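Trainee: after the sequence you'll find the predicted model.
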Amino acid sequence: MKRTILLKLALLSLCALLLTGCWSKRELNEIGIVTAIGIDRQEEQYKVTVQVINPSEVASKEMTTRTAVSTYTAVGNSIFETIRKLMTLAPRRVYLSHVREIVLGEEMAKEGIGKTLDFLSRDHEMRTDFHLTVAQGVEAEELMKILTPLERIPAEKAFSSIKSGEDSWAPIEAVKISDVLNAMLSEGNNPTLSGIRIIGNPEQGNQLTNVEQVDSPANFAIDGLAVFRKDHLVGWLNENQSKGYNYITDNVKNTAEYAPCENDEKGGITLEVFDSTSKLKAAVTSNQPRISINIELEAGIAEVECPLDLSKTATIRQVEKQFEEHVTTLAKRTIQVLQQDLQSDVLGFGDLIHREDKTYWKSIKHEWDNIFPEVETEVKTTVKIKRTGTIVDSYQKDVEG
Amino acid sequence: MSRFSRRKRQTPEEQTSSKKLDKTLQNNIKHFKQTLGESTDIVIRTFKAGQTGSIDIAVLYTSGLVNDTIVHDFVLDTLMVQIRQTPLDTIEKDNYQIIKDFAMTGGNITDIDTREKLFNHVLSGDTVVMLDGSSEAMAIDTREWESRSVEEPSTQSVVRGPKEGFTENLRTNTALLRRRIKDPNLWISTKPIGTKSKTDVAVVYLHGVADEKVVKEVTHRLNKIDIDAILDSGYVEELIQDETYTPFPTVYNSERPDTIAGGLLEGRIAIIVDGSPFVLLVPALFVNFFQSAEDYFQRADFSTLIRLIRYLAFFLALLTPSAYIALTTYHQEMIPTSLLVSLSAQREGVPFPAFVEALLMEITFEILREAGVRLPKAVGSAISIVGALVLGQAAVEAGIVSSAMVIVVSLTAISSFVSPSFNFAISIRMLRFGFMILAATLGLFGILLGLIILTLHLASLRSFGVPYLTPMAPFIVSDQKDAILRFPRWKLTTRPRLVTQQNITREDVEAPKPPKRSRRKKRKKQK
């Protein structure tokens, strides 16, 4: 008897469990999946633009004339408030878990991004695997509105081109929010963010005609690296400088490297770099910090325009030497720009010295920004050519001869 | 107290049943006729025997349950023709004993002294011979009736392996087992159960291998059964199982003699019920329901793979709809972006929440399945066509369900057919709905909660004293060889530990190896 009463009570309490359920339920067709967020400053307020997927346009069989994504823009005091304010415009609750890309406006980046990042790292709905980028020369809002060919969701295009670019093209660096926060909060380091830039006519970018043409009139490209000092944007690294930066920070997986022929011959020689490692070492002698950078490349010959006899090891050695100089110059120029023009230690030299000599670092840590431009550096590069491709000698000689 | 409490059964026939047979033949026949209500299938042949014809003899049998040739050639012919010349009426001896000892040519003869036994034997197909002046009667085994021959079993079919199946005939079934295990230790004890049906129930086990305690427990539980009729082994299963309120079966059943013989060799006990081709096997463990007879006929590596697939299918059948509901209504962040986009594109315009959608489809499927099982075979194909159209295309095109849901439901359906035991598949079917409700109210948290409760419940179950989750909980290393994995035959040297404690070692085979002499030497020798 007692047992049955207990059983009934247990069943009743189980039913009570069901009553609490469902409160946080969201059906798939009740949420607007946000893939990209653009954040700009408008006077003292934030201007937030979200790019929401139009699922039936992306994944359904029937093609319509509607665009794959829609953007909504609102202005508010804080990012979260603004995103909630978007509900006045958007028919569905914006859902942030699938954000692939966050674009910060250049103006805002110059003013400082520290406060902005608070929301991005705090919000429970955000995953932390999106890429952070800075819009070069334009507002983030404008970038949000460009439709892309091939990849129907523009944010997906940006995400994948950064990701594949990082794997196969040296100047590109994929930056996640954790990288930025780490660099920003570290004493001897500063963050960099990939730049993103509109190519062509932005006016045409937000129309469907943009993707109806073989050569889209408007597109965006991943270009350059935004250099920050703490949380302020101080300037940009161009393509070659970004390359040098990535060589130094050991962030090159695979890329192509070109150098003109020696002896003033026309044309050049291109290597496919398939492995690059760099080792940075700091040494402090008589209160003078010194950084030595050792870059090692493994490469194969990808393209030859010079009259070279590649069957000889001496020639290979000669090419190797040529590229060693080339990469050293790239790295040195980058360091020069960072030390002289931008004066921002994005390479993490400070951290390196800190790790090498703690007491010395403590004594200079407050003046580090002044010391950084004066730090002596030494760059050494070794290039090893492992393959020459499927042909040995270039037939250039025969063509010309 | 309870509405279902037992009432004392009223038994009018019991008053007369234990009475002894009368010495007068006339009285016995009269009583016999009366009790049976002069049923037309009962044959009573009375005649006179002896040189002067002074001995009254009656032969009783049930027409249809006996082999007519045997009755005529060996009973009637013997009594009416062969012993005509024997001076039965003149010699001063017990005629009954003489006939039994010298005349009757039947193989299996039993003495009867009570009326109850008389009825039992006649109604079971024996032919009873009664003599006037004798309070005993002899029952000659002449049983034979129309029955299904040994056919390929309709359930648990195999690609490779014996294709014989049990029949409704108890004796055929015991013979099928005896043919597989020709060991004197294969013991079969039979006992009629059911006050009205008097169904023969046989307990079969390998003496010296099966655990004596379990044998005793089985007999004890069978003896406790007090029911009017047993029409199928399902009755027995329900009356002897350890736990009623569990979705999981704790008694294994099979139509396959090889499976049952395998179980006997492991030390399990089989219960054969006359009239049912499904033989019960106890103790039954969780892992048994994932083992098919074919696992032991195919190569070990292949069988292991198939078993792993069965376990995977078990979880798929149990959790696919609930996981889909949980992920799409609570945890969208766990779905890859591109999948999420296509899922939400499909859900565009679907009027119901994912849970209702899943419930709708699952119920439709269950109805279709039930209809398919009961339908005559000729119309069965119609159901599959309607099912394919309703479940598949039409529902999606009408926008009632999303196509992803169709995939989920079909995957679940296919997975639930993978289980080699039909009754285990039913338990998964039942639990699936519970998990769907949990997923719809509490998301993945609910599913996990459900799994924890399920595991606790499984761990609490016992089948005839053996923990249901053996050999996983309690973990027995030596039994892992034939649980989730299936080790090569020469590794399966011991019987399951908890099922039987005696006579553990079953074989002592070494792994097959190539002959030691190398080829090169051999060739030299040949030269």
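Mentor: Structure received. Numbers count the residues shown, from 1 in each chain, chains lettered A, B, ... in the order given.
Trainee: so what's the closest residue to chain B within the stretch 251-400 of chain A closest to, chain neighbours aside?
Mentor: Taking Cβ to the nearest Cβ, chain B has its nearest neighbour within the stretch 251-400 of chain A at A:K253, 23.4 Å off. For the C-beta atoms, the positions are set from N, CA and C on the backbone; glycine is no exception. Counting by Cβ to Cβ, 6 or more residues apart in numbering or on different chains, A:K253 lies nearest to A:D167, which is 5.1 Å off, once chain neighbours are set aside.
Trainee: that neighbour - how many residues pack around it?
Mentor: 13 (other Cβ atoms under 10 Å in any protein chain shown).
Trainee: so how far is the helix or strand encompassing it from its chain's centroid?
Mentor: Assigned by DSSP states H and E, A:D167 falls within helix A:154-168. On the basis of Cα atoms, centre = their mean, to the nearest Å, helix A:154-168 sits 9 Å off its chain's mean C-alpha point.
Trainee: and the contacts of that helix?
Mentor: By Cβ atoms under 8 Å, 6 or more residues apart in numbering or on different chains, the residues outside helix A:154-168 that reach it are A:35-36, A:51, A:69, A:99-101, A:130-131, A:133, A:144, A:146-148, A:150-151, A:172-174, A:194, A:196, A:220, A:222, A:251, A:253-255, B:337-338.
Trainee: again, but for stretch A:36-45
Mentor: Residues contacting stretch A:36-45 (Cβ under 8 Å, 6+ apart): A:46-51, A:75-77, A:79, A:96, A:99-105, A:107-108, A:111, A:116, A:135, A:139-141, A:143-144, A:154-155, A:158.
Trainee: top helix in chain B by residue count?
Mentor: Ranked by residue count, the top helix of chain B under DSSP state H comes out as helix B:422-460.
Trainee: read off the pLDDT value for B:T155.
Mentor: pLDDT for B:T155: 85.
Trainee: what of A:R152?
Mentor: For A:R152, the model assigns a pLDDT of 85.
Trainee: what's the residue nearest to it when sequence neighbours are not counted sitting at in phi/psi?
Mentor: What sits nearest to A:R152 in space, not counting adjacent residues and going by Cβ to Cβ, 6+ apart, is A:A68, at 4.1 Å. Backbone geometry at A:A68, expressed as degrees, to the nearest 10, gives phi -70, psi -30.
Trainee: kindly report the same for B:D200.
Mentor: phi -70, psi 130.
Trainee: any idea how far chain A is from it?
Mentor: 37 Å (Cβ to the nearest Cβ, to the nearest Å).
Trainee: what about the closest residue to chain A within chain B, neighbour count?
Mentor: Residue of chain B nearest chain A, by Cβ to the nearest Cβ: B:T441 (2.5 Å). By other Cβ under 10 Å, the residues close to B:T441 number 22.
Trainee: same check on A:D309?
Mentor: The burial count for A:D309: 12, using other Cβ under 10 Å.
Trainee: what distance do you get for it to A:T315?
Mentor: A:D309 sits 5 Å away from A:T315, going by Cβ to Cβ, to the nearest Å.
Trainee: same deal with B:H457?
Mentor: From B:H457 over to A:T315 the distance is 76 Å, taken as Cβ to Cβ.
Trainee: kindly report the same for B:L60.
Mentor: 115 Å.
Trainee: who has more neighbours, the two?
Mentor: Set B:L60 next to A:T315 and count neighbours by other Cβ under 10 Å: B:L60 wins out with 25 against 16.
Trainee: any idea which element that one lies in?
Mentor: Using DSSP H and E, B:L60 maps to strand B:55-62.
Trainee: ok, now A:A256?
Mentor: According to DSSP H and E, A:A256 maps onto strand A:255-260.
Trainee: now what about that strand, what contacts it?
Mentor: A:168-170, A:243, A:267-273, A:276, A:297, A:299, A:302, A:322-323, A:326-327.
Trainee: got a PyMOL select line for the buried ones in those?
Mentor: To isolate the buried ones among the contacts of strand A:255-260 in PyMOL, judged by 16 or more other Cβ atoms under 10 Å in any protein chain shown, type:
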select buried, chain A and resi 169+170+243+269+271+272+273+276+297+299+302+322+323+326+327
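Trainee: what about the contacts of strand A:255-260, which are in helices?
Mentor: A:168, A:243, A:322-323, A:326-327.
Trainee: can you name the residues bridging to residue 273?
Mentor: Assuming you mean chain A. A:T255, A:A299 (DSSP bridges).
Trainee: my bad, chain B
Mentor: Here B:V273, judged by DSSP bridges, has bridge partners B:V201.
Trainee: so it sits right up against B:I225, yeah?
Mentor: No - using Cβ atoms under 8 Å as the test, B:V273 is too far from B:I225 to be in contact (11.1 Å).
Trainee: so what sits against both of these two?
Mentor: In contact with both B:V273 and B:I225: B:V236, using Cβ under 8 Å, 6+ apart.
Trainee: which one's more surrounded, these two?
Mentor: When B:V273 is set against B:I225 and neighbours are counted by other Cβ under 10 Å, the residue ahead is B:V273, at 26 against 15.
Trainee: which residues touch that one?
Mentor: Neighbours of B:V273 in contact, by Cβ under 8 Å, 6+ apart: B:170, B:199-202, B:230, B:232-233, B:235-236, B:279-280.
Trainee: same check, this time on B:L123
Mentor: Here B:L123 is in contact with B:62, B:65, B:198 (Cβ under 8 Å, 6+ apart).
Trainee: how close does the residue most central in space within chain A sit to chain B?
Mentor: Centroid-nearest residue in chain A: A:A174, 3.0 Å away (criterion: Cα atoms, centre = their mean). As for A:A174, its distance to chain B is 16 Å (criterion: Cβ to the nearest Cβ).
Trainee: quick one: B:D183 is in a strand?
Mentor: No - B:D183 is assigned coil when assessed by DSSP: H, G, I helix; E, B strand; the rest coil, not a strand.
Trainee: re the thing from before, which outside residues touch the following helix or strand past the helix holding A:D167?
Mentor: Using DSSP H and E, the helix or strand that follows helix A:154-168 in sequence is helix A:177-185. With Cβ under 8 Å, 6+ apart as the test, helix A:177-185 has contacts from A:113-114, A:117, A:120-121, A:128, A:130, A:132, A:189-193, A:228, A:230-231, A:346, A:348.
Trainee: ok, now with 10 Å
Mentor: By Cβ atoms under 10 Å, 6 or more residues apart in numbering or on different chains, the surrounding residues in contact with helix A:177-185 are A:102, A:113-114, A:117-118, A:120-121, A:126-132, A:173, A:175-176, A:189-193, A:228-231, A:345-346, A:348, A:351.
Trainee: which ones among these are found in strands?
Mentor: The members of the contacts of helix A:177-185 that map onto strands under DSSP state E are A:102, A:131-132, A:192-193, A:228-229.
Trainee: pick the one among the residues you listed closest to chain B.
Mentor: Out of the ones in strands among the contacts of helix A:177-185, the member with the shortest distance to chain B (by Cβ to the nearest Cβ) is A:H131, at 13.4 Å.
Trainee: how's chain A carved up into domains?
Mentor: Under automatic domain parsing, the residue ranges defining each domain of chain A are A:29-237, A:239-401.
Trainee: alright, that wraps it up for me.
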